[in-house]
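*Asks:* structure of the sequence below:
(2 chains)
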Amino acid sequence: MSQWKRIFLGVMVVTFTMMGSLTKSFLNAIAFKPMIRPLLPLLFLGVSAMGQIDSDGDGLSDLWSAQYPEAVLTGGVDSDGDGLSDLEESLALTDPTNPESYFRAGIEPAEDNVDVTLSVQGLPGQLYELQYWNLEDEAWTGSEHSVIQGDGSLIELNVSGDASVRFYRFAVSSVDSDQDGLLAWEEELLGFSDSSVTSSTVSGVPDYAVALQVLEGSGSVLLANGNFLQKSLPSREEAFRFLQQATFGPTEEEISEVMEIGMSGWLNHQLNHETMTLTRNHWSRASSSGVNSFLWTMGWLRAAMVAPDHFRQKFGYALSQIFVNSNLGNDEMRNNPFLAADYYDIFLEHSFASYGDVLEEVTFSVQMGQYLSHLFNQKADPEIGRFPDENFAREIMQLFSIGLVELEPNGAVKLDGDGQVIPTYDQTTVTEMAKIFTGFGHGGPRALFFEAGVSGNDKRFPMKLYDDFHEPGEKHIVGGVTIPAGQTAMEDVMQTLEVLENHSNTAPFMARLLIQRLVTSNPSPEYIRRVSSAWVGEGDQAPGDFKRVARAILLDPEARETGKARTRLQEPFLRFLHLFRTLEASNGQMVRGTHPVSFATALADFGQLPMWAPSVFNFYSPDFSPQGELRDAGLFAPEFEIATTDRLIRTDNFLRSSIFRWITPFGSKVEERLFYDLDQFLPVASDPQALVEAIENKIAPGAFSEQTKTIVVSLLEQRVDPDWRIKTGVHLLIESPDFVVTE
Amino acid sequence: MKEINQSKTRRAFLKQSATLRVGGSALLSSVCNLRMMGQLAAQNAGEDEDYRALVCLFLDGGNDSYNMLAPAEGAGHDEYVLARGNLSYATSELLPFSNTLPDGRRLGLHESMPSLKAMYEAGDAAMIANVGTLIRPTTVSDIQNGVALPQGLFSHADQSQHWQSGLPQDRSAVTGWAGRMADILQETAVTGQVSMNLSFSGLNLLQSGESATSFGIDGNGARQLDLWENVSNAQTRAAMESLWGAEYDNVFRRAFAGAKSEAVGLTSVYNNALSAVELNSVFSPQNSVSINLRQTARSIAARAELGAKRQTFFIEVKGFDTHAMKSAASSGNLALIDTAIAEFFAAIEELGLKDKVTLFTASDFGRTLSSNGTGSDHAWGGNQFIVGGAVAGKQVFGEYPELAPGSALDLGRGRLLPTTSVDEYLADLALWMGVSPTDMGLVLPNLTNFHDVNDGPRLGLFSQA
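*Replies:* So this is what the prediction gives:
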């Protein structure tokens, strides 16, 4: 029926409007006369942060681009010469390689020969709206017709034919109703649904992560529209950024692997990698060197440098900043670093198991019993004024599971009818919870009675519960749950842990803390909700499965899209590790990184060192916001809490010295000094521009603005000494705001 | 990064110096301005100068203070020996005071503190007995009736936080009493850029206020970027300043650039202010407490250059958690402190500020009177001391408790319920620094549970108001 007219003006207007809960990207095509062109709003191109899968940040849906593997598609270019740029075609879902395929409207007289029928080809998952130019308002206005859902058939609409002159256009919009980072049409193509974050066949894993896996997977997937989807792998920049989140610093081997098998493939390997425990590392060294508190740091660093389970090490470190135990408040642990390693091993051995496993291990750990004093905690004896110690009871709620106030699944604070926050517990709850955690004594074969002390490495055995020293009676614990009287201590404890594990706060509370450690200081509510939902799982999946959670965190649109959404200040200690790994520190005698290193002043210089937090509240609060612009904008920035005047300077001095001189291992033997591999830059040192780019490529490809690079290049041009150029270049770049704050 | 410059005066000053900014010379112009301000301030200096400083020696780990200040003779000493068993010192190891308590007991200091003893006798030092964290006046029966007690009793982290925050009911306090005091005083008392709160322990709870923060120094001054002062690095320095001064779209990058630039700038301001200080008094070079107190004295000497009429100093001394040792006297820690304090006040006298500077101690908690075999464990109430020309010396404030096992205050194992609260102790210090009774609620919110400060100081620690 229709006579397609190519009356399109080559002008697209992309706007973003909120309609109901829909995020819409409107694409508008004009029917009729070229003369109306001057009336159009200015061309505005852009893509919403929410929505399509676009891990390379080119503004084009990766799912769309990967259907045309032969073409080199670029947003502003019109590859097929049909008048529509590649970006415009990606929004209309037309073929960018076929000049006959473009977004166009049809017009013909209606059957009554009075009205006019306007038509457009509807595509599944897309929304279409007819608009007209309102001469009085001088604005495009929605017609009397409502928005129409595309389903693959032609959309036809009749408009009055007796009006004098009217200009119409169709607007097409893409939606992401479930806010999972995939547009409805993308989900349609993949066979997912736009009504749920986890609608793929991979249970409990968010759709975006699954889509990424499909894209990075082994090629030629048949889409619902009949096209084949070719493999799409990350660029070096994106692989690097991903590894910066997932490891202590991207090494060349890991970058190559990610570029070869994709981020999802790499993560799968890592999630199924054998555990390399810190205790084992530590033992080998401790046996020859005697015991002192630096052995802990040495063992830890060795694992951070050489362990092939890179992601486990990073995730475990994140967990250690949540279930905080510290050498600073735990003499036993400080004096026997084996015990520190043993505690930390909880996070390595259970990092890809479940939250519940970790919570249980931590609860029964002697080191935690000593740190938060539930070891030897016993039932009340009011006669002598003794009541159960509340230390652990409070912190397990406040810090290790549910937090202080009731949360929505997206992490937003719940309010009651009066607009007040709702505390998750009060002092009475703490007192009752304290009764649960009574009766803990030492474990292991040599602990024969409640108050038995054990020595040395026997403190690695989980604590035992002694019913005689456990508070009897009913306990009214958190969440309004009553633990019945007459149970064993073990039953009381395990039921309580289960209550915490299943509390509605646990998923969003923990999700936010983990995202902050791995990706961004300020995850959006949608991001938290997606990770929460992966945490909760589907059907009879156990909550807090860390494999699911890890995928949800790292393979989320907010983690994968470039830009400010994933901003944070790097932890100063991790900034050092990043250099250590990316610049391949070595001493030329041992194989890179196989030697343990430590450094006596690191804690003072960085304000942090694994398991050396000043208190159970970690190095910084997740809610810390420094005075000034960040606080005014309502942004959290935990790492700024330790960026004090003296530390900012000491960190700079430490890092500069590590570049200009060397890294001094603990013990400071000359032959153990470590040097970054700076010689690799010698061939380009004669050209400051090339030198800066070479350094950038190694330490943070794509991270530096032209402005930053220009400042550094101009400085390097001042002297010709290659050694000075290389070292000064590295120093200025790693202390530049572009590097210190990641995007 | 906390903003250092809070008062309107200093904001105005900063604004003014900002207008002088040309390229990378912002720092230089600030320093020039400060020097000018310093000279102005110096014209007002003198004996009757309006200046006061509080120096906090925080004895980390819980000083076994019933072995620092103990009954030194007779029945009192017998009771002490009974309570402390193998931890007790003989009368010959104690330096008895020339005066006695109202109840007739004669106390003395451990023999490793002869200088403190001399200052006590000279009326320049006083003791405060059985102080500890409390929310409100509390008796043993109150405890049995479930009265609200400080969070995390007997825990280092909690109790040292409470001493600093003055908010023992709150485990997540983010401000300390000296920080809140600075919020109030800094406006008029400080015209320079550097905070009136100087810390030898970096950022700390005690000196963090709503807006005030601390400036971190160490025994050698404020640590500056290694490359900064060397003229051969001038180009590098200019490039770094360009990086900090550049435009950034990302607010985190702006915040980092600002914080780093400010850190380097303030460090130069502080170090320049101290560059002309000449102090002849001798400090022991091997004594870490002496080294920090020397830098404290130098910072006080530079008060005019720093534009500070009020200053606080936070010095932590480690090594008091004597689970496996008779007391910190045995490790020589008390001797180190004793020597350092004597050297410090000699320097303060050299500066002519004896009545303007007060040093006081704080510590996590007292320790169990009873022995665990080799040492003592965490307890509650303990003894502190205060030194300075303005102190109403040669007195023991508060109530020195009975030490006999099972005494009225003994909560078991010789854990003594405090009879003077931390607030009552600190309130006198805050008043002396110039906090008005009306503002006291902001500094020490719990004080009203113990004392109406409109009636004057609670303990009367100072002979001069």
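*Asks:* just checking, residue A:391 touches residue A:375?
*Replies:* No. Using Cβ atoms under 8 Å, residue A:391 is not in contact with residue A:375, being 10.5 Å away. All C-beta spots, glycine's among them, are computed from the backbone N, C-alpha and C.
*Asks:* looking at those two, which is more packed in?
*Replies:* residue A:391 (25 against 21; other Cβ atoms under 10 Å in any protein chain shown).
*Asks:* what are the neighbouring residues in contact with the more buried one?
*Replies:* Applying Cβ atoms under 8 Å, 6 or more residues apart in numbering or on different chains to residue A:391 gives the contacts A:372-374, B:152, B:155.
*Asks:* now swap in residue B:236 and tell me
*Replies:* Neighbouring residues of residue B:236 by Cβ under 8 Å, 6+ apart: A:715, A:728, A:732, B:227.
*Asks:* make it 10 Å
*Replies:* Contacts for residue B:236 (Cβ atoms under 10 Å, 6 or more residues apart in numbering or on different chains) come out as A:715-716, A:718-719, A:724, A:728, A:731-732, B:225, B:227-228, B:230.
*Asks:* would you mark the buried spots in the strand or helix carrying it?
*Replies:* In the assignment (DSSP states H and E), residue B:236 maps to helix B:234-245. Buried residues in helix B:234-245, counted by 16 or more other Cβ atoms under 10 Å in any protein chain shown: B:236-244.
*Asks:* just the strands in chain B please.
*Replies:* B:52-59, B:69-71, B:94-96, B:107-110, B:125-132, B:197-199, B:214-216, B:310-317, B:357-363, B:382-387, B:396-398, B:420-421 (DSSP state E).
*Asks:* how far is stretch A:296-313 from where the chain is centred?
*Replies:* Averaging C-alpha positions (Cα atoms, centre = their mean, to the nearest Å) puts stretch A:296-313 21 Å from its chain's average.
*Asks:* buried set for it?
*Replies:* Quick answer for stretch A:296-313 (16+ other Cβ under 10 Å): A:296-307, A:309-313.
*Asks:* what of stretch A:479-494?
*Replies:* For stretch A:479-494, burial by neighbour count (16+ other Cβ under 10 Å) applies to A:483, A:487, A:489, A:492-494.
*Asks:* just the ones of the residues you listed in strands?
*Replies:* Judged by DSSP E, the buried residues of stretch A:479-494 include residue A:483 as members of strands.
*Asks:* of the buried residues of stretch A:479-494, which belong to helices?
*Replies:* Counting by DSSP state H, the part of the buried residues of stretch A:479-494 found in helices is A:489, A:492-494.
*Asks:* how about CSV for the residues you listed, with distance to chain B and pLDDT added?
*Replies:* Below are those laid out as CSV (distance: Cβ to the nearest Cβ, whole Å; pLDDT from 0 to 100):
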residue, distance to chain B, pLDDT
A:489, 23, 98
A:492, 22, 98
A:493, 21, 98
A:494, 26, 98
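*Asks:* quick revisit: show me how to select, in PyMOL, the buried members of the contacts of residue B:236.
*Replies:* A single PyMOL command suffices to select whichever of those are buried according to 16+ other Cβ under 10 Å:
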select buried, (chain A and resi 715+716+728+731+732) or (chain B and resi 225+227+228)
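*Asks:* out of the contacts of residue B:236, who's nearest residue B:277?
*Replies:* Within the contacts of residue B:236, the smallest distance to residue B:277 is 20.0 Å, found for residue B:228 (Cβ to Cβ).
*Asks:* tell me the confidence at the closest one?
*Replies:* Residue B:228 is assigned 93 on the pLDDT scale.
*Asks:* surely it meets residue B:238?
*Replies:* No. Counting by Cβ atoms under 10 Å, residue B:228 stays clear of residue B:238, with 11.6 Å between them.
*Asks:* what's around residue A:510, how many residues?
*Replies:* 23.
*Asks:* between residue A:391 and residue A:375, which contacts overlap?
*Replies:* Common neighbours of residue A:391 and residue A:375, counting by Cβ under 10 Å, 6+ apart, are residue A:437.
*Asks:* please list the residues of the stretch 451-600 of chain A that sit near chain B.
*Replies:* Residues of the stretch 451-600 of chain A lying near chain B by Cβ under 10 Å from any Cβ of the partner chain: A:521-522, A:563-564, A:567-570.
*Asks:* next, the distance between the ends of stretch A:605-616.
*Replies:* Taking Cα to Cα, to the nearest Å, stretch A:605-616 runs 20 Å from one end to the other.
*Asks:* tell me the mean pLDDT for that stretch?
*Replies:* Per-residue pLDDT values over stretch A:605-616 give a mean of 88.
*Asks:* anything in it near chain B?
*Replies:* Yes. Using Cβ under 10 Å from any Cβ, we find that stretch A:605-616 touches chain B at A:605, A:607, A:614-616.
*Asks:* let me know the closest of the residues you listed to residue A:265.
*Replies:* Proximity of the residues of stretch A:605-616 next to chain B to residue A:265 (Cβ to Cβ) peaks at residue A:607, which lies at 36.4 Å.
*Asks:* quick one: that closest one and residue A:618 touch, right?
*Replies:* No. Contact criterion Cβ under 10 Å: residue A:607 and residue A:618 do not qualify, at 11.5 Å.
*Asks:* list residues touching both of those two?
*Replies:* Residues touching both residue A:607 and residue A:618 (Cβ under 10 Å, 6+ apart) are residue A:641.
*Asks:* who has more neighbours, the two?
*Replies:* Remark: of residue A:607 and residue A:618, residue A:607 carries more neighbours, 26 against 21, as counted by other Cβ under 10 Å.
*Asks:* residues touching the nearest residue to that one once chain neighbours are set aside, list them.
*Replies:* Among residues not flanking residue A:607 along the chain, residue A:642 sits closest, at 3.6 Å (Cβ to Cβ, 6 or more residues apart in numbering or on different chains). Applying Cβ under 10 Å, 6+ apart to residue A:642 gives the contacts A:569, A:571-573, A:606-608, A:614, A:619-620, A:624, A:648, A:651, B:1, B:202-203.
*Asks:* so, low pLDDT: which residues of the stretch 101-250 of chain A?
*Replies:* The stretch 101-250 of chain A contains residues with pLDDT under 70 at A:143-146, A:161-166.
*Asks:* mind telling me what element whichever residue of it sits closest to chain B is part of?
*Replies:* Here the stretch 101-250 of chain A gets closest to chain B at one residue, residue A:241, 14.7 Å apart by Cβ to the nearest Cβ. Secondary structure assignment for residue A:241, by DSSP H and E: helix A:236-246.
*Asks:* still on that earlier bit, buried among the contacts of residue A:642? Need that as a selection in PyMOL.
*Replies:* Selection of buried members from these for PyMOL, criterion 16+ other Cβ under 10 Å:
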select buried, (chain A and resi 569+571+572+573+606+607+608+614+619+620+624+648+651) or (chain B and resi 1+202+203)
